[in-house]
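Colleague: for reference, the sequence and a predicted model appear below.
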Amino acid sequence: MSSGKRRVARVTTRFTTDSVVVSCEHASNALPPHVGTLGVPGGVMRSHVAWDEGSRELGGIIAHRLGCAHFSGRYSRLLVDLNRSRGTRALIPTELFGTKVPGNRSLGRKEREERIEKYYTPYREAVEAAIAKAVETTGGCVHLSVHTFAPTVGNEVRDVDVGLLYDPKRPLERRLVESMLQSLTAAHVETRPNYPYRGTSDGFTTHCRTVFPKTKYAGLELEVNQRGLQSNRAIWRMGRVLTEAIIAALELQ
């Protein structure tokens with residue numbers, strides 16, 4: 001990037017690359033030593049059950065190309081799911097995608113809270129602080145929560161390259177997604193809104209919509225099919241295409 005910040009939106013919104021925050025909640029399949037394996041086999045820990053493979057690299061490429069704030073989770077969602085809200089059963093899952101997590105089944109209330117405070121709260125607070133800073137200093141924030149998904153889950157075949165999760169009732173998010181759909185389609189990337197999950201289901205962006213106003217915060221969850229991320233070259237290409245679509249969307253508001 002050049003020494004000056006590249007403007008990526010009209011003057012009326014005052015958005016720059018400093019307005020963008022990238023987060024990767026499921027970036028890792030690691031576990032801290034003191035919890036062992038949680039009773040989960042190694043093969044499962046390398047699968048989509050434990051993490052979103054490729055999301056760390058993809059989020060890093062997008063953030064690097066934009067020169068914006070970037071956060072990645074250090075541990076597997078089986079330890080604590082950074083993309084789930086407090087009070088939900090899925091926050092510390094005892095079963096996920098049909099796989100049991102024995103090490104979480106016997107957690108007492110105190111142990112559960114200690115795990116949340118140590119591994120969950122600092123991450124969420126750091127990202128929210130970056131969003132608040134962007135809103136304060138640039139007038140708004142575009143929060144990109146980067147995820148990947150498995151091409152098949154059970155008998156379900158997921159044949160779309162990219163899903164864009166958003167809330168259709170929020171005009172800023174809707175305009176961003178409409179523009180990104182055009183750009184990605186033109187780049188021959190098959191894209192579908194609110195796929196393979198609903199953009200209003202429980203998630204980090206859903207939570208942030210309750211904290212920041214719709215005129216100043218847009219939370220998009222980028223879901224990328226892992227079938228298209230099987231090499232460093234493929235990840236780099238997808239990161240470049242997504243970044244170009246993001247920049248175009250912000251410029252066209």
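Modeller: That came through, no problem. Numbers count the residues shown, from 1 in each chain.
Colleague: tell me the helices and strands packed up against the host helix or strand of Ala126.
Modeller: Counting by DSSP states H and E, the element that carries Ala126 is helix 121-138. The helices and strands touching helix 121-138, judged by 3 or more C-beta pairs under 8 Å, 6 or more residues apart in numbering; DSSP states H and E, are strand 20-24, strand 69-72, strand 141-149, helix 204-209. Where you see a C-beta, it was placed from the backbone N, CA and C, and this is true even at glycine.
Colleague: rerun that using 6 Å as the cut-off
Modeller: Contacts defined by 3 or more C-beta pairs under 6 Å, 6 or more residues apart in numbering; DSSP states H and E place helix 121-138 against strand 20-24, strand 141-149.
Colleague: paired strands for the shortest one, with orientation please.
Modeller: For strand 20-24, sheet partners with direction are given as strand 69-72 (parallel), strand 141-149 (parallel), following DSSP bridges.
Colleague: who's in contact with the residue nearest the centre of the chain?
Modeller: Geometric centre of the chain, nearest residue: Ser145, 2.4 Å, by C-alpha atoms, centre = their mean. Taking C-beta atoms under 6 Å, 6 or more residues apart in numbering, we find Ser145 in contact with 23, 204-205, 221.
Colleague: for it, give its distance to Leu82.
Modeller: Taking C-beta to C-beta, to the nearest Å as the measure, Ser145 falls 10 Å from Leu82.
Colleague: quick one, what contacts the nearest residue in space to Tyr120 that is not next to it in sequence?
Modeller: Nearest residue to Tyr120, sequence neighbours excluded (C-beta to C-beta, 6 or more residues apart in numbering): Val80, at 4.7 Å. By C-beta under 6 Å, 6+ apart, the contact list for Val80 reads 92, 115, 119-120.
Colleague: can you tell me which of the residues you listed are in helices?
Modeller: Of the contacts of Val80, the ones assigned to helices by DSSP state H are Arg115.
Colleague: need the contacts of Val80 in CSV (columns: pLDDT).
Modeller: Compiled in CSV, these are given as follows (pLDDT from 0 to 100):
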residue, pLDDT
Ile92, 98
Arg115, 98
Tyr119, 98
Tyr120, 98
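Colleague: most widely separated two among the contacts of Val80?
Modeller: Ile92 and Tyr119 (9.8 Å; C-beta to C-beta).
Colleague: looking at those two, which is more packed in?
Modeller: Shown here are Ile92 and Tyr119; by other C-beta atoms under 10 Å, Ile92 has more neighbours (23 against 18).
Colleague: that one: what's it in contact with?
Modeller: 80, 104.
Colleague: equivalent analysis for Glu173, please.
Modeller: Contact analysis of Glu173 by C-beta under 6 Å, 6+ apart lists 166-167, 218.
Colleague: would JSON lines of those residues with secondary structure be doable?
Modeller: Below are the contacts of Glu173 laid out as JSON lines (DSSP: H, G, I helix; E, B strand; the rest coil):
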{"residue": "Tyr166", "secondary structure": "coil"}
{"residue": "Asp167", "secondary structure": "coil"}
{"residue": "Ala218", "secondary structure": "strand"}
